[in-house]
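I'll drop the sequence and a predicted model, then ask my questions.
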Amino acid sequence: MTNSRAARNANNSNNMAWFRRDKPKIEGESSEGERIVRTEGIFVKCPDCENPLYKRELIESQQVCTHCNHHFRYSAIERLDTLFDDAKYERMDDEVTSGDPLEFVDTKPYKDRIEAAKASSGLPEAIISGTGKVGGHLVYAGAMDMSFIGGSMGSAVGEKITRQIERALENKGAVIIFSASGGARMQEGTLSLMQMGKISAALSMLHEAGLPFISVLTDPTTGGVTASFAMLGDVILAEPKALIGFAGPRVIEQTIRQKLPKGFQRSEFLLEHGMVDLVVDRREMRTTIIRMLDFMMNDKKAA
């Protein structure tokens, strides 16, 4: 009996060996054998409604929350890719970049700040320019990007926008600019402020030539950009809930010593008070722009 029992125990031990894992545990598994699912980079939390969003789904919806319609920040490249027909366009003026005319130094030299911005954003400047067809219409477009020194407008930004307008004048095209900026670039002093007048003068010539300028305001559009070309569009569109203004709300409250109305300096507030023409969901922006170009460029397209 004893030998028989020992034999059965040995046989059971051999059978259990089939179910034991002798190999190292799979990475991501705890010591108790529980599997840990890693979700880093797969889900994004919406800052407005706080719902988790599948990252791939968010990309497909052009960075718009599918639950509450919150518009995440969108890069300049993504804007141009989704604007032009079949995402085909020619990049222009990438060689136009910021210099350091004042040899400005704050917490670090302005030159170092520019190089750091190029490295972190992957962009040559705070605006990307391109030309191509939008709904079959010739368009010269620019998109500003907050990731490059807060989308600030220096001499290079002013030059690139002015060149866009001059090419549109020469070739009878439309101009579209997606604004996203903290304003004029302080490291270039008065030279950055001069871009406001420079661009505005070029837009005046575009207007006289009967060519359209569509200005699209995104979050945020502030400072000298708002005080110049961003608010000079023949049509001014804005994305939902975008911050649009010159000075910030806190600065205004401290100046006038009054509480500002709810939603002040947001797209919907500006629409209600006649400062913008239409608030457009990003996913409908291209369709809306094409509809406007069909009306504003009808004779140019036929030519």
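Thanks, I have the structure now. Numbers count the residues shown, from 1 in each chain.

against residue 145, how distant is the residue nearest the centre of the chain?
Central residue of the chain (C-alpha atoms, centre = their mean): residue 74, 2.7 Å from the mean position. According to C-beta to C-beta, to the nearest Å, residue 74 stands 9 Å off from residue 145. C-beta here means a position set from N, CA and C on the backbone, and glycine is covered the same way.

now residue 253: how far from residue 261?
Using C-beta to C-beta, residue 253 is found at 11 Å from residue 261.

apologies, that question was intended for residue 144.
Counting by C-beta to C-beta, the gap from residue 144 to residue 261 is 27 Å.

of those two, give the one with the bigger neighbour count.
Higher neighbour count among residue 144 and residue 261: residue 144, with 26 against 8, using other C-beta atoms under 10 Å.

ok, that one - contacts?
Going by C-beta atoms under 8 Å, 6 or more residues apart in numbering, residue 144 touches 76, 126, 127, 151, 157, 177, 178, 179, 180, 181, 225.

give me the phi and psi for it.
Residue 144 adopts backbone torsions of phi -90, psi 160, taken as degrees, to the nearest 10.

please apply the same query to residue 143.
phi -130, psi 120.

run a quick neighbour tally on it.
Neighbour tally, residue 143, other C-beta under 10 Å: 27.

quick one: the helices in the stretch 201-303 of the chain?
Secondary structure of the stretch 201-303 of the chain by DSSP state H, counting those that start in this stretch: the helices cover 223-226, 249-256, 267-272, 285-296, 298-302.

just to revisit the earlier point, got the phi/psi numbers for the nearest residue to the residue nearest to the centre of the chain once chain neighbours are set aside?
Nearest residue to residue 74, sequence neighbours excluded (C-beta to C-beta, 6 or more residues apart in numbering): residue 63, at 5.2 Å. Here is the backbone geometry of residue 63 (degrees, to the nearest 10): phi 60, psi 40.
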